[in-house]
Structures are given as structure tokens and as C-alpha cells.
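**Student:** just to be clear, the model below is a prediction. Sequence and coordinates:
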Amino acid sequence: MPWGMIRVQCHITLRQLEILLLVIEQSSFRKAAASLGLSPVAVGEHIRALEDRLRVSLFHRRRGGPPVLTPAGELAAERARAVIAAVNHLEADLLPLSIRPNWRIGLAPYVSRNLLGRVAELRKRYPDRAITTDICDRETEAITAMVASGEFDIAITITDSSDGERHEGVVRKDIIIDEPLAIFVAQTHPLAGKRGVTAADLADYPNATLTVAHPLRHVTDASLSACGLGTVHHAIETDDYSEILASVGHSRSFACMFAESGRADTVAHRLIMLDLAFALPAPQVVMLTNETAAFDRQLRLAAEYLANHYRSEAGMARRSKGSAVRDGIGRPTDSSTARVAGHVC
């Protein structure tokens with residue numbers, strides 16, 4: 001046989017892999033068999049044939065209880081999902097343009113301000129795809145589950161820095177950029193003119209914040225807790241952003257807000273950023289994709305386009321504000337430093 005013409009014989013079938021995944025999904029050989037219209041014996045024979053081919057046991061053999069995967073079974077299941085996904089996407093890629101799969105993109109409200117226009121650009125780039133956008137104001141765990149289930153092909157949201165960059169089952173999580181936080185108070189606040197404000201200084205004042213039901217409440221709580229401010233009292237808890245700003249502007253409370261989101265709101269409410277002696281851990285803008293992106297080149301390029309644009313816009317805004325501060329433009333009326341925030345976390 002000539003070089004480069006090596007023939008590989010493979011007796012593993014897609015049917016076996018599909019049955020393996022269904023047994024895992026149903027946590028039962030019997031339920032899987034019922035779903036397929038087969039007998040439990042037939043399902044067991046498919047699994048044994050797969051085990052014979054792989055020369056490993058995929059399940060721990062025991063009486064009663066749900067089937068439990070062996071370490072080899074867990075690896076086989078991961079590979080089986082990738083194989084099935086690759087076949088599905090091969091079929092999708094060869095479909096006529098008129099019936100190609102649509103894309104659904106989920107965006108957290110805060111990140112959508114920079115990306116809705118770019119989604120419109122994607123529609124121009126890929127006219128054969130019907131692209132829908134959902135503004136999804138939910139916790140990262142819920143959005144991750146929606147990506148895993150295929151409800152979203154791409155999702156971009158904000159999570160606290162402790163989450164890091166990792167894979168969660170079929171979902172890939174990539175950090176796009178940090179979104180720094182800052183502490184804001186009224187210009188008449190006792191700490192407004194102080195340099196090097198400590199966590200102990202702030203502990204004497206209440207926090208104006210979102211309700212515990214809001215997805216971003218966890219993000220700010222995590223950052224404040226990391227700085228020893230997890231037990232401060234709350235002056236107000238509301239999801240009305242204007243109400244939070246008004247509360248801070250007319251009291252001795254403080255608000256933990258995104259540092260880069262725009263100065264107009266804080267100027268209108270006569271708020272300033274405190275000069276902190278400590279660093280607030282910055283939340284992260286993350287992109288979530290499922291295995292679809294691994295096999296759909298256009299989707300992968302679309303995801304990279306959105307991530308690169310967000311990163312570029314955020315970096316440009318920060319450089320612009322840094323230049324304004326150095327030039328003395330838009331400084332607060334007191335001696336504190338001058339990055340100004342917008343939307344509250």
C-alpha cells in the first residue's frame with residue numbers, strides 16, 4: 001500500500017455512540033431502551049460491543065441504582081459527544097444556504113451597549129444566517145446552562161474574577177477583558193476628599209446596591225467581600241439604577257459601580273470616585289460557546305469578532321479617559337482621582 005494511503009478499519013458505529021450518550025442522559029438502560037423502542041437487552045448488547053471494540057469497561061457493573069461511568073467511560077462519553085456534534089455539523093454545513101441553522105446570541109445588558117451594533121454587522125457579513133439577539137439578564141450559571149443546551153450559540157456576560165477561565169462540560173468559557181469596579185460617593189461625603197481610603201474607612205458607611213435577585217449583585221458582593229466589606233449595611237436595595245444614584249447623592253452611603261461605563265450619570269448626581277488604598281477585584285467579561293463553535297467556522301469567526309470588538313472598544317475608552325484625566329478635563333471638584341462610572345453593578 002503506498003505511503004499516505006493507510007486504511008483504518010473502525011467498527012465503532014454512530015448508533016453505539018448515540019446509545020451510550022442516551023444511557024448517560026437517562027441514567028438508565030431501561031429508560032434509554034424505551035426511548036429508542038428497543039429492549040434493554042439490545043441496548044446492553046450495543047454497549048458491550050462498544051466496550052469490546054475499545055477494550056475497556058464503560059460502566060461499573062452493579063445491581064440496582066443508576067449506571068455509573070468508569071474513568072474510561074467518562075472519556076469515551078466526551079469523545080462521543082464530539083463525534084456526534086461533528087457529524088451533525090457536517091450535515092449542517094452541507095445544507096442549502098436557505099435552510100442553514102440560525103444563530104442565537106445572548107448578551108448581558110451591560111455588555112450589550114457595545115455589541116448590539118456589531119451583531120448588526122454580523123448580519124451583513126453572514127446574510128445566509130438568521131441571527132437573533134437576546135438581552136439575557138440572568139446569572140452566569142443559568143446562561144452557561146443555556147449555552148450547554150443549545151439555546152444560545154454564543155453568550156457574553158459578566159462574572160466575578162474567581163470564576164476564571166475554564167471548560168464546563170460542553171461549554172467553553174473565554175475571558176474577553178476585565179471590567180474594573182470603583183467606589184462612588186457624593187461630593188459632600190466625609191471620605192470625598194480623602195486620599196488612600198481604606199476598607200476600614202468604608203466599613204462605617206452603608207452601601208446602596210442592587211437586590212439579591214439581580215445577576216450583578218453577586219458580582220459586586222464577591223469583590224467587596226474579597227476586600228473585607230462583605231458585611232456592610234445596606235442603605236437601599238433596588239434594581240432601579242436612578243434610585244441608587246439618587247440615594248448616594250443625598251446620603252452618606254456609597255455605591256460600587258463599573259468604572260468605565262460613562263461619566264454623565266455621576267456628574268448629574270454630583271458623585272465622585274474615591275481614591276482607594278486597596279484594589280477591588282475586577283469582574284470579567286466572558287464569552288461562552290458550546291461545541292457548535294468548534295465545528296462551525298463561521299460561528300467561531302463571529303464569536304471572535306464580537307470578543308475582539310468589545311476588547312478594542314473597552315481599551316480605547318480607557319485610554320481616552322486616562323488622557324482626559326492627565327489633561328485636566330472632567331476632573332471632580334475635589335482632590336480625588338477621576339475615572340467615572342455609569343451603570344451600577
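**Tutor:** Sure thing, it's come through.
**Student:** so which residues of the chain form strands?
**Tutor:** Along the chain, the segments classed as strands by DSSP state E run 59-60, 68-69, 103-107, 131-135, 154-159, 167-168, 171-178, 181-186, 207-209, 234-237, 255-258, 271-273, 284-289.
**Student:** mean pLDDT for the ones you listed: which is lowest?
**Tutor:** Per-stretch mean pLDDT for the strands of the chain is lowest at strand 167-168 (a mean of 50).
**Student:** before we move on, the earlier item: mean neighbour count added to the strands of the chain, as TSV?
**Tutor:** In short, each C-beta sits where N, CA and C put it, glycine included. Below are these laid out as TSV (neighbours: other C-beta atoms under 10 Å):
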stretch	mean neighbour count
strand 59-60	15
strand 68-69	14
strand 103-107	22
strand 131-135	15
strand 154-159	26
strand 167-168	12
strand 171-178	18
strand 181-186	24
strand 207-209	25
strand 234-237	16
strand 255-258	26
strand 271-273	24
strand 284-289	24
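**Student:** and the helices in the stretch 201-345 of the chain?
**Tutor:** Remark: helices assigned in the stretch 201-345 of the chain by DSSP state H, counting those that start in this stretch are 215-226, 241-249, 264-268, 292-295, 297-326.
**Student:** name the helices or strands packed onto the last one?
**Tutor:** Spelled out, it's helix 297-326. With contacts taken as 3 or more C-beta pairs under 8 Å, 6 or more residues apart in numbering; DSSP states H and E, helix 297-326 sits against strand 103-107, helix 109-125, strand 154-159, strand 171-178, strand 284-289, helix 292-295.
**Student:** what's next to the fifth one, contact-wise?
**Tutor:** Residues from elsewhere that reach strand 284-289, judged by C-beta atoms under 8 Å, 6 or more residues apart in numbering: 111, 140, 143-144, 147, 152-161, 163, 165, 171-179, 299-300, 303, 306-307, 310, 314.
**Student:** likewise the second one?
**Tutor:** Contacts made with helix 109-125 from outside it, assessed by C-beta under 8 Å, 6+ apart, are listed as 105, 107, 129, 131, 133, 135, 137, 156-158, 179, 216, 258, 261, 285, 302, 305-306, 309-310, 313-314, 343.
**Student:** give me that answer again for 6 Å
**Tutor:** Applying C-beta atoms under 6 Å, 6 or more residues apart in numbering, the contact partners of helix 109-125 are 107, 131, 133, 135, 137, 156, 285, 302, 306, 309-310, 313, 343.
**Student:** excluding its backbone neighbours, what's nearest Pro40?
**Tutor:** Leaving aside its sequence neighbours, Pro40 sits nearest to Ala33 (C-beta to C-beta, 6 or more residues apart in numbering; 4.5 Å).
**Student:** about what we covered before: possible to save the strands of the chain as a markdown table with distance to Val248?
**Tutor:** Formatted as a markdown table, the strands of the chain follow (distance: least, C-beta to C-beta, whole Å):
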| stretch | distance to Val248 |
| --- | --- |
| strand 59-60 | 57 |
| strand 68-69 | 52 |
| strand 103-107 | 27 |
| strand 131-135 | 26 |
| strand 154-159 | 21 |
| strand 167-168 | 36 |
| strand 171-178 | 24 |
| strand 181-186 | 6 |
| strand 207-209 | 5 |
| strand 234-237 | 8 |
| strand 255-258 | 5 |
| strand 271-273 | 6 |
| strand 284-289 | 25 |
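**Student:** ok, which of those strands comes nearest Ile24?
**Tutor:** Among the strands of the chain, strand 68-69 comes nearest to Ile24, with 6.9 Å by C-beta to C-beta.
**Student:** ok, the contacts of helix 109-125 vs Ile84, which is closest?
**Tutor:** Closest approach between those and Ile84, by C-beta to C-beta: Ala302, at 22.8 Å.
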